[in-house]
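>>> Model the structure of this input:
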Amino acid sequence: MKGTRAEKGKKADAKLSVKKKAAEKPKPVKRGSKVAKDPNKPKRPPSAFFVFMEEFRKTFKEKNPNNRSVSVVGKAGGEKWKTLSEAEKAPYVAKANKLKSEYNNKMNAYNKKQAEPHKKPAAADDDEEESDKSKSEVHDDDEDDDEDDEEEEDDD
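Modelled structure (predicted):
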């Protein structure tokens, strides 16, 4: 025979434990709770292929003015890109690298601007501490005066 009853029972237990584990998984986060995007953040630069596609779309539309399908243009551009040699791709790669370096510069400036509002000057911190102390001291003094008045009334 193929297996004993004990072996079959182990297989069934293994299957049950898998089902239990699947049921215990936490629920996924709802899709509606996205973080708002900052409109001032620079957009990512296009890759060499997309730089090529900008030019290719223009030439393709001139040759095929009746074609209205985006998918046909994309497929034709992909096929053309695959057939290009490294030397033919070089100008597109160079332009993409230039756009990427410009993007990196913009991102560095953007990140510096984002970090600045969170920093507080040292003088502002000192003023806040003093104001907190003065508030608590005034509040403590008021409580002490109230307690002293109550004690005097009790003595009478």
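>>> Pull up the gap between E62 and N104, please.
Between E62 and N104 the distance is 35 Å, computed by CB to CB, to the nearest Å. Placement of C-beta: from N, CA and C, glycine included.
>>> do V72 as well
Computed with CB to CB, the distance linking V72 and N104 is 35 Å.
>>> pLDDT weak spots in the chain?
Low-confidence regions of the chain, defined here as pLDDT under 70, cover residues 1-32, 117-156.
>>> you'd agree F60 is up against A76?
Yes. With contacts counted by CB atoms under 8 Å, F60 reaches A76, the gap being 6.1 Å.
>>> ok, back up a step: for E62 and N104, indicate the residue with more neighbours.
Just comparing E62 and N104: by other CB atoms under 10 Å the higher neighbour count belongs to N104, 12 against 8.
>>> quick one: E86 and F60, what's the gap?
From E86 over to F60 (counting by CB to CB), the distance is 23 Å.
>>> So those two - more neighbours on which side?
Between E86 and F60, counted using other CB under 10 Å, the more crowded position is F60 (18 against 7).
>>> Counting by contacts, list what the host helix or strand of the more buried one packs against.
When elements are defined using DSSP states H and E, F60 is found to belong to helix 48-63. For helix 48-63, the packing partners by 3 or more CB pairs under 8 Å, 6 or more residues apart in numbering; DSSP states H and E come out as helix 70-83, helix 86-115.
>>> Nearest to S33, out of those helices?
Between S33 and these, the shortest separation by CB to CB is 22.1 Å, and it involves helix 86-115.
>>> by contact count, what packs against the closest one?
In this structure, helix 86-115 makes packing contacts with helix 48-63, judged by 3+ CB pairs under 8 Å, 6+ apart.
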